[in-house]
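Student: Can you look at this prediction? I've put the sequence above it.
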Amino acid sequence: MGPDPRIFLCLILSLLAACGDDPLEQLEVEAADCPLSPPVLLGDAPSTSVLINAYYLQDEAARDVRSGLPESPVVEEVFSKAAALGVWGVRTLAFNDATSKRGMSTIQVAPGEYDETSLRALDLVLTRAAHHGVKLVLPLGNYWDAYGGARQYVAWAGLPDPVEGDPRFFTDRTVIEHYKRYITFLLSRINTFDGIRYGAHPAVLGWELLNEPRGAGLDRGGEAVRAWVDELAAVVKAQAPGHLVGTGEEGFETTLQGYDAAFWRGGPPASLFDASNSFRGNTASPSIDFGSAHFYPESWGIPSDLTARSGAHWISEHAALARELGKPLFLGEFGLRNQGGFSLDERRALYRGWMRCAWRVGVGGIAPWMFATDNRPDEWDAFSFYYRDGTRPEDPRNRYADLLIEAAGRAGGR
């Protein structure tokens with residue numbers, strides 16, 4: 001008599017149950033639980049292209065240019081490691097209005113007054129990106145105070161009591177015209193290293209109107225931010241007709257229309273859909289080429305037990321809304337704190353799941369926050385990861401380098 005087939009069935013069921021009990025596997029499965037949809041490409045990038053965030057390149061390069069160095073070691077390290085990781089590009093700042101960095105790296109020292117050495121640093125970033133074959137996504141300003149931000153423009157306009165993320169940045173005509181002049185100036189600049197105008201530079205994949213614009217203090221329907229997006233995006237398109245333009249926003253909404261209302265009402269904060277700016281409305285702007293979203297579940301107050309599924313919903317639903325408009329989605333930032341509520345193994349499971357989700361739903365590109373160079377200490381940024389010299393990608397000190405290589409290798413394949 002042969003073995004009882006029920007024994008094999010019990011064995012298989014036991015193995016499946018054991019796999020299902022693995023909390024790390026369960027996290028990854030929940031984070032990747034997204035529908036398979038056709039890709040919508042981000043320009044000439046492969047499907048679900050992988051980028052990294054390294055906002056500090058102009059700031060670092062300015063110090064080196066000012067010191068007379070022929071190149072910037074930090075810029076070279078970031079671009080060479082980006083190439084080694086197989087990622088498509090780097091998201092980095094194309095502005096610097098910081099009063100504290102004048103004489104070091106500040107580009108705009110006063111309204112319409114520019115530091116040529118600091119601009120040459122940005123010239124160097126573009127030139128070296130082209131040399132390394134790395135594409136750039138470049139925010140033109142900041143909602144937050146870092147490197148000047150909206151508050152600095154409001155202060156320059158002489159308006160009383162400027163604050164971080166000041167809503168007058170989006171509505172005051174003096175401020176708007178000043179910002180438009182900066183954009184026009186920058187995109188018209190001729191790079192001193194390679195002689196190419198910024199608005200036609202081959203290293204640039206796209207421009208973002210602002211880093212993380214929010215409508216706080218403005219109308220509830222998001223009309224003011226949408227009007228600002230229409231006006232500013234048209235300026236960028238006029239100056240850089242061959243480049244993509246995005247808003248740089250986080251993906252917040254004014255209503256739950258188009259989203260899984262039952263899920264989002266079940267625990268995640270309602271403020272994500274009560275934001276005075278609309279991802280759908282802004283992405284529909286005729287001069288906007290791709291939808292922009294970020295994802296920081298801990299900062300946004302998403303419960304830990306819903307983190308994996310919230311990421312899957314956030315990515316897949318924003319990709320679907322952008323696809324309806326015929327545009328790709330760029331997940332320009334996402335991250336979990338290194339000293340937050342998740343262990344490294346849990347964060348790796350969530351990152352791998354979200355990157356697989358992005359591939360499944362065919363987003364244009366993804367960019368985790370924040371790639372650090374070897375000389376940056378762990379505490380420099382709450383979300384830092386590395387590809388340290390002399391290490392293998394999977395070395396735990398690098399955190400996610402091997403995951404980026406894995407995702408970059410998957411890009412373009414379905």
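Tutor: Yes, it's here. Numbers count the residues shown, from 1 in each chain.

Student: Poorly predicted segments of this structure, please.
Tutor: 1-20, 412-414 (pLDDT under 70).

Student: residue boundaries of the strands in it?
Tutor: If you assign secondary structure with DSSP state E, the strands in the chain sit at 49-53, 89-91, 108-110, 113-114, 135-139, 204-208, 244-246, 291-295, 329-334, 365-366.

Student: Out of those strands, which is closest to residue 314?
Tutor: Evaluated over the strands of the chain, closeness to residue 314 peaks at strand 291-295, with 5.3 Å, by C-beta to C-beta. C-betas here are computed from N, CA, C, even on glycine.

Student: Quick check: buried residues in that closest one?
Tutor: Neighbour-count burial for strand 291-295 flags 291-295 (criterion: 16 or more other C-beta atoms under 10 Å).

Student: so which of these comes closest to residue 181?
Tutor: The shortest distance between residue 181 and any of the buried residues of strand 291-295, using C-beta to C-beta, involves residue 292 and amounts to 23.6 Å.

Student: Contacts only, for the closest one.
Tutor: Taking C-beta atoms under 8 Å, 6 or more residues apart in numbering, we find residue 292 in contact with 208, 246-251, 279, 283, 329-330, 332.

Student: Including distance to residue 383 and neighbour count, could those residues go into TSV?
Tutor: Formatted as TSV, those follow (distance: C-beta to C-beta, whole Å; neighbours: other C-beta atoms under 10 Å):
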residue	distance to residue 383	neighbour count
208	19	26
246	21	31
247	22	30
248	18	27
249	19	28
250	15	23
251	18	27
279	22	27
283	25	26
329	21	32
330	18	32
332	14	30
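
Student: can I get those in JSON lines with distance to residue 53?
Tutor: Output for the contacts of residue 292, formatted as JSON lines (distance: C-beta to C-beta, whole Å):
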{"residue": "208", "distance to residue 53": "12"}
{"residue": "246", "distance to residue 53": "14"}
{"residue": "247", "distance to residue 53": "17"}
{"residue": "248", "distance to residue 53": "12"}
{"residue": "249", "distance to residue 53": "16"}
{"residue": "250", "distance to residue 53": "14"}
{"residue": "251", "distance to residue 53": "16"}
{"residue": "279", "distance to residue 53": "20"}
{"residue": "283", "distance to residue 53": "21"}
{"residue": "329", "distance to residue 53": "16"}
{"residue": "330", "distance to residue 53": "12"}
{"residue": "332", "distance to residue 53": "8"}
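
Student: Just the helices from the stretch 51-200 of the chain, written as ranges.
Tutor: Using DSSP state H, counting those that start in this stretch, the helices assigned to the stretch 51-200 of the chain run over residues 57-66, 73-85, 116-132, 149-156, 173-188.

Student: Select, out of those, the one closest to residue 402.
Tutor: helix 73-85 (9.3 Å).

Student: that older thread, among the strands of the chain, which is nearest residue 179?
Tutor: Per C-beta to C-beta, nearest to residue 179 of the strands of the chain: strand 108-110, 10.4 Å.

Student: Partner strands of that closest one and their direction?
Tutor: Taking DSSP bridges as the criterion, strand 108-110 pairs within the sheet with strand 113-114 (antiparallel).

Student: what's the strand it pairs with in contact with?
Tutor: The contact list for strand 113-114, computed with C-beta under 8 Å, 6+ apart, reads 107-108, 185.

Student: rewinding a little: any chance of CSV for the helices of the stretch 51-200 of the chain, columns mean neighbour count and distance to residue 356?
Tutor: Compiled in CSV, those are given as follows (neighbours: other C-beta atoms under 10 Å; distance: least, C-beta to C-beta, whole Å):
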stretch, mean neighbour count, distance to residue 356
helix 57-66, 22, 29
helix 73-85, 19, 17
helix 116-132, 21, 27
helix 149-156, 22, 35
helix 173-188, 17, 36
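
Student: Compare those helices and give me the one nearest residue 201.
Tutor: The closest of the helices of the stretch 51-200 of the chain to residue 201 is helix 116-132. By C-beta to C-beta, the value is 5.3 Å.

Student: which strands and helices sit next to the closest one?
Tutor: Here helix 116-132 touches helix 57-66, helix 73-85, strand 135-139, going by 3 or more C-beta pairs under 8 Å, 6 or more residues apart in numbering; DSSP states H and E.

Student: Report the angle between the second one and helix 57-66.
Tutor: It refers to helix 73-85. Regarding helix 73-85 and helix 57-66, their directions subtend 130 degrees when assessed with axes from the mean of the first three to the mean of the last three C-alpha atoms, to 10 degrees.
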